[in-house]
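Undergrad: Got a predicted structure plus its sequence, pasted below:
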Amino acid sequence: MEEEKKEEKAQQDNLKEPDKEWFDTLEVSPNAPFYEIKSSYLHLRKLYSSESPVLMPLMEDVPQEKQDVLLNRIEFAYLKLKEYFS
């Protein structure tokens, strides 16, 4: 029981300071308000999706796995920051 409380406290402590890498992944400043974070997230998700007309020619040589990793990093960063701001 005490172990669960310690683990829960550790998880809460992790949310006190967001990781700078999350901001870098979403290409926003650490001082950015949440609406900018969300806007950047939506833009990057659309930009790096496999159906993006902008990057499609450039991404042809990039394996689908790498594209998926990039999109997963963007998604993870957004979800962590969303959790932090809520």
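TA: On my side now, so go ahead.
Undergrad: Enumerate every residue touching the residue nearest the centre of the chain.
TA: Geometric centre of the chain, nearest residue: residue 77, 1.9 Å, by C-alpha atoms, centre = their mean. Applying C-beta atoms under 8 Å, 6 or more residues apart in numbering, we find residue 77 in contact with 21, 22, 23, 25, 26, 41. Backbone N, C-alpha and C define where each C-beta goes, glycine included.
Undergrad: my read: the last one touches residue 76, true?
TA: No: counting by C-beta atoms under 8 Å, no contact exists between residue 41 and residue 76, whose distance comes to 10.7 Å.
Undergrad: of those two, who's got more company?
TA: Using other C-beta atoms under 10 Å as the criterion, residue 41 and residue 76 rank with residue 41 on top: 21 against 13.
Undergrad: Disregarding residues adjacent in the polypeptide, which is nearest to that one?
TA: residue 78 (4.1 Å; C-beta to C-beta, 6 or more residues apart in numbering).
Undergrad: That neighbour reaches residue 36, doesn't it?
TA: No: judged on C-beta under 8 Å, residue 78 makes no contact with residue 36 at a distance of 11.9 Å.
Undergrad: These two: which has the busier surroundings?
TA: Neighbour tally, residue 78 and residue 36, criterion other C-beta under 10 Å: the higher count belongs to residue 78, 20 against 13.
Undergrad: what is the mean pLDDT for stretch 66-75?
TA: What stretch 66-75 shows for mean pLDDT is 91.
Undergrad: In it, which residues are buried?
TA: Within stretch 66-75, the residues that count as buried by 16 or more other C-beta atoms under 10 Å are 73, 74.
Undergrad: Dump it to PDB, keeping only the CA atoms.
TA: The C-alpha atoms that make up stretch 66-75 are tabulated as PDB, following Å, rounded to 0.1, in the frame of the first residue of the first chain:
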ATOM      1  CA  LYS A  66      10.800   6.200 -38.800                       C
ATOM      2  CA  GLN A  67       7.800   8.200 -39.800                       C
ATOM      3  CA  ASP A  68       5.700   6.400 -37.200                       C
ATOM      4  CA  VAL A  69       8.300   7.100 -34.500                       C
ATOM      5  CA  LEU A  70       8.300  10.800 -35.300                       C
ATOM      6  CA  LEU A  71       4.500  11.000 -35.200                       C
ATOM      7  CA  ASN A  72       4.500   9.000 -31.900                       C
ATOM      8  CA  ARG A  73       7.000  11.500 -30.400                       C
ATOM      9  CA  ILE A  74       4.800  14.400 -31.400                       C
ATOM     10  CA  GLU A  75       1.700  12.700 -30.000                       C
END
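Undergrad: Much appreciated, bye for now.
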